[in-house]
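Chemist: Okay, here's the prediction I keep looking at, along with the sequence it came from:
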Amino acid sequence: MEEWISIGYLLSAALFIFGLKKLGHPKTAPFGNQLGALGMLVAVVTTVISMQVQGNANWELIIAGLVVGSLIGYWLAVRVEMTGMPELVAMFNGFGGAASALVALSEVQKYMDGGDIPTGLQLTVTMVAAGLSALVGWMTLTGSLLAMYKLKGGVEIFGKWIRTPTWGPTWLNPVKVLLFLSVLVMIYLSIEEPTNETYLWGIIGVSCLLGLVLVLPIGGADMPVVVSLLNSLSGIAAAFTGFIIGNSVLIIAGSLVGASGLILTFIMCKAMNRTLLDVLFKSFGGNGEKQTLTRTKVGSDADEVAMMLDGAQKVIIVPGYGMAVSQCQHQVKEFADLMREKFGTEIKYAIHPVAGRMPGHMNVLLAEANVPYEQLIEMDEINSEFPDCDVALVIGANDTTNPAARTDEGPLAGMPIINADAARTVVIIKRSLSVGYAGVDNDLFYMDKTMMLFGDGKVMMSGLNTAVKEI
């Protein structure tokens, strides 16, 4: 039976690996997700069989957990809209970290209840792994929950909407370092006194606080990075827990999630021309100051833009955070269909890696509107096409299209951007001329070839669609 249990874990790990591979492309991602889910099912069944063999299976709790968990998962899958995926992903990250930390806590709690305490190197490894699992797991829980409410914009308490703050004075950085070092000290002390509950609860409390102060200063363009990082941390916590309980599939799955999350985090940082330390310890706008607007731009109306679009051969749509906020992805898809039907226009979408509130956010929203995957082109591939583009339609994007990034000065210096300014005509849908999260005025708004449609994204796109139909 032990051999079959090992084979079960091996099969589960293989399914995780192949599933992760399939997630690398939008067309194969659904199948990759199914492989991952099957791998988790195999892992759960194998673990239950292992518990039965060892005589530790409590079938009432096991069945109750499977039923409740399945119902919650089904309810979330049906209820949560695609626009709410960033918040859901952040919440899942937090719960994943907390689950790992709870398993590690249960193992250490045995020592407090009089269980056999290992000695020597085994004790050191166990307590260090448990301490690090607690640090990463509880930090991930509180940080992810705060990130979820940041992505949501706030929380409703007793009928009153309270916005989630983004606050990070410079003195908060030494506090982060001090909290981290204090956890390491308590982990060291817990090795000397493994039955001392004070250290255990101290690690949990400080780790929870550390998660809050790490995420509290982060917002705007840095949110895709922090969501990706928290995803990685949830995997790392699972890997630490796997070492404690000797579960190979937990080690493998946690390592896969941790490594892939870190890779994605560094890809996001590269896309913003920032280091991970800058994201965690510096505000995106340097000193946080925003430029004062001194220029004006006369806005256009939907009829003017529709007349200009008449006969356009190639249009590149540049979605941004504003599209996500106004949830106008369906109106954008309708516009693309209208342009193809009336004028035979070639339509493509330019996707910046950090556009939106989480990695792949624009892809998710446009997929909800049934935009074909082959029309979604990454920044590095699409930028060379803008000089041959008749119109670049920018919807709610600011920093990711700001030409100031090509200079050597300012908070945007060196950040790769969408080359929308290279198109023959630029149409920008935005509520106002206000600066983006980096606090830098956008020269693209004031170019002679730029037409501004001031207003809510959904309202403006609906008006533009109506005007195109009337041509």
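Modeler: Here it is on my side, so go on.
Chemist: which other helices and strands contact the longest helix along the chain?
Modeler: Longest helix in the chain, counting residues (DSSP state H): helix 120-152. Under the contact definition 3 or more Cβ pairs under 8 Å, 6 or more residues apart in numbering; DSSP states H and E, helix 120-152 sits against helix 85-112, helix 172-192, helix 197-215, helix 223-245. Just so you know, the C-beta spots here come from the backbone N, C-alpha and C atoms, and that holds for glycine as well.
Chemist: Mind checking those for the one nearest to Met127?
Modeler: Among these, helix 172-192 comes nearest to Met127, with 4.7 Å by Cβ to Cβ.
Chemist: Report the distance from that closest one to the chain centre.
Modeler: Centroid separation for helix 172-192 versus its chain: 27 Å, with Cα atoms, centre = their mean, to the nearest Å.
Chemist: contacting residues around it?
Modeler: Contact with helix 172-192 is made by 123-124, 127-128, 130-132, 135, 196, 199-200, 202-203, 206-207, 209-210, 213-214, 216-217, 280-281, as judged by Cβ atoms under 8 Å, 6 or more residues apart in numbering.
Chemist: Give the buried residues for the longest helix of the chain.
Modeler: If you call a residue buried by 16 or more other Cβ atoms under 10 Å, then helix 120-152 has these buried ones: 123, 126-152.
Chemist: Can you tell me the closest non-neighbouring residue to Gln109?
Modeler: Leu200 (8.0 Å; Cβ to Cβ, 6 or more residues apart in numbering).
Chemist: Can I get the helix or strand just after the longest helix of the chain as CSV, trimmed to CA atoms?
Modeler: Using DSSP states H and E, the helix or strand that directly follows helix 120-152 along the chain is strand 154-157. What follows is strand 154-157, C-alpha atoms only, in CSV (Å, rounded to 0.1, in the frame of the first residue of the first chain):
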residue,chain,number,x,y,z
GLY,A,154,-12.8,49.6,0.2
VAL,A,155,-15.2,47.8,2.5
GLU,A,156,-18.8,48.4,3.5
ILE,A,157,-19.3,48.5,7.3
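Chemist: chain center to the next helix or strand after strand 154-157, what's the gap?
Modeler: Using DSSP H and E, the next helix or strand after strand 154-157 towards the C-terminus is strand 160-163. Put simply, strand 160-163 sits 23 Å off its chain's centre (Cα atoms, centre = their mean).
Chemist: Tell me where the stretch 301-450 of the chain has strands.
Modeler: Remark: strands assigned in the stretch 301-450 of the chain by DSSP state E, counting those that start in this stretch are 314-319, 346-351, 376-378, 391-395, 425-430, 450-454.
Chemist: mind checking which of these is nearest Gly242?
Modeler: strand 376-378 (34.3 Å).
Chemist: any idea how far the nearest residue to Glu2 once chain neighbours are set aside is from Pro319?
Modeler: Once flanking residues are discounted, Glu2 sits nearest to Val53: 7.6 Å by Cβ to Cβ, 6+ apart. According to Cβ to Cβ, to the nearest Å, Val53 stands 53 Å off from Pro319.
Chemist: repeat for Leu181
Modeler: 42 Å.
Chemist: out of those two, which sits in the more crowded spot?
Modeler: Pro319 (31 against 11; other Cβ atoms under 10 Å).
Chemist: Verify the contact between that one and Val332 for me.
Modeler: Yes: judged on Cβ atoms under 8 Å, Pro319 makes contact with Val332 at a distance of 7.0 Å.
Chemist: For these two, list the residues in contact with both.
Modeler: In terms of Cβ under 8 Å, 6+ apart, Pro319 and Val332 are both contacted by the residues 366, 395.
Chemist: Was I right to think Ile252 contacts Phe16?
Modeler: Yes: with contact defined as Cβ under 8 Å, Ile252 counts as touching Phe16 (6.8 Å).
Chemist: ok, back up a step: please identify the most buried of the strands of the stretch 301-450 of the chain.
Modeler: The highest mean neighbour count among those, using mean count of other Cβ atoms under 10 Å, belongs to strand 391-395: a mean of 28.
Chemist: relative to strand 346-351, how tilted is that strand?
Modeler: Per axes from the mean of the first three to the mean of the last three Cα atoms, to 10 degrees, the angle that strand 391-395 makes with strand 346-351 is 40 degrees.
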